[in-house]
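Visitor: Here is my input, please return the structure:
(one chain, ligands or ions: 3)
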Amino acid sequence: MILELDCGNSFIKWRVIHADDAIIVGGGIVDSDQALIAQVAKLPNVHFRGARMVSVRSEEETDALMRAITRDFGVIVQAARPATEMAGVRNGYTDHQRLGMDRWLAAVGAFHLAKGACLVMDFGTAAKADFVAADGQHLGGYICPGMPLMRSQLRTHTRRIRYDDASAERALTSLLPGRSTVEAVERGCVLMLQGFARTQIDQARALWGDEFSIFLTGGDAPLVEVSAPGARVVPDLVFVGLAMACPLN
Ligand SMILES: Nc1ncnc2c1ncn2[C@@H]1O[C@H](COP(=O)(O)OP(=O)(O)OP(=O)(O)O)[C@@H](O)[C@H]1O
Ligand SMILES: CC(C)(CO)[C@@H](O)C(=O)NCCC(=O)O
Ligand SMILES: [K+]
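Guide: Ligands and ions are numbered 1, 2, ... in the order given. Next up, the predicted model:
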């Protein structure tokens, strides 16, 4: 079995797949290293042939998690490293090492699936868009606050915006003008994300006409699906790129 990890800023997504046929045996989303180790340890008969990880956390945090996994599961963790070129995609950043590895792997994974020009949008803690042209040239992208950051900025910097998670969820049954604070904020932030998605699609159309694929990923992708007709929602897009970056044979 192979352990796969995607360490974002707020959450760690993990999966366990069979080494031979890539069938998914288990997986989850956790908010700490300890919770990750506890969840993975609960799997029956865990024996890992390999492990691979992508992290946008600091070197220290990433190294600490890699060491903990080696200690508890007896497997060396391979971490995806920045590259100027991979699987036909050329990194478009002036300094390729500065491009977030989650963005890079999602872009490489999307180009592999699309085999043509693609717009990749990832809605997590941050909302990101990346553009890959038909010839594999990554053109760059955009980074904005995602749903969790927009919401917490409003809560932190105002005195009268206060509500709990349960009412936040209820508020999103419609996107009509909000008639309570929670509805106004939650729906407003969703419309910001949808506006972000539409603008990226306009941009892609200006570049490529109708000849491009759209990929949506990240925990909040379902909130923008309606604004991206024809988009492929691929929750594990980063893992597609990760398997390409860290083949374990
Ligand atoms: N099971 C879940 N656990 C946690 N968050 C979830 C879950 N399902 C959906 N979400 C949503 O996903 C969002 C977090 O997305 P994601 O997990 O992609 O973030 P992240 O990887 O930490 O962020 P980033 O990739 O920008 O660093 C949250 O806003 C939350 O609303
Ligand atoms: C933008 C985030 C935080 C999104 O997870 C990550 O991709 C990152 O830390 N990137 C480095 C900055 C950049 O991509 O330009
Ligand atoms: K991240």
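Visitor: other SSEs contacting whichever helix or strand residue 5 is part of?
Guide: Secondary-structure assignment from DSSP states H and E places residue 5 in strand 2-7. Contacts of strand 2-7 with other secondary structure elements, assessed using 3 or more CB pairs under 8 Å, 6 or more residues apart in numbering; DSSP states H and E, are made with strand 12-17, strand 50-55, helix 59-73, helix 237-245. Every residue, glycine included, has its C-beta placed from N, CA and C.
Visitor: out of those, deepest packed?
Guide: Of all these, helix 237-245 has the most neighbours on average by mean count of other CB atoms under 10 Å, namely a mean of 23.
Visitor: Count the residues that sit near the residue of the chain found nearest ligand 3.
Guide: Ranked by CB to the ion, the top residue of the chain for proximity to ligand 3 is residue 8, at 3.3 Å. Residue 8 sits with 21 neighbouring residues when counted by other CB atoms under 10 Å.
Visitor: What's the separation between the residue lying closest to it once chain neighbours are set aside and residue 216?
Guide: What sits nearest to residue 8 in space, not counting adjacent residues and going by CB to CB, 6 or more residues apart in numbering, is residue 124, at 5.5 Å. Relative to residue 216, residue 124 is positioned 12 Å away (criterion: CB to CB, to the nearest Å).
Visitor: Check residue 88 too.
Guide: Here the distance between residue 88 and residue 216 works out to 22 Å (CB to CB).
Visitor: more crowded one of these two?
Guide: Legend: neighbour count by other CB under 10 Å for residue 88 and residue 216, higher for residue 216 (24 against 13).
Visitor: could you list every residue that touches that one?
Guide: 121, 122, 123, 197, 224, 225, 228, 231, 232, 233, 234 (CB atoms under 8 Å, 6 or more residues apart in numbering).
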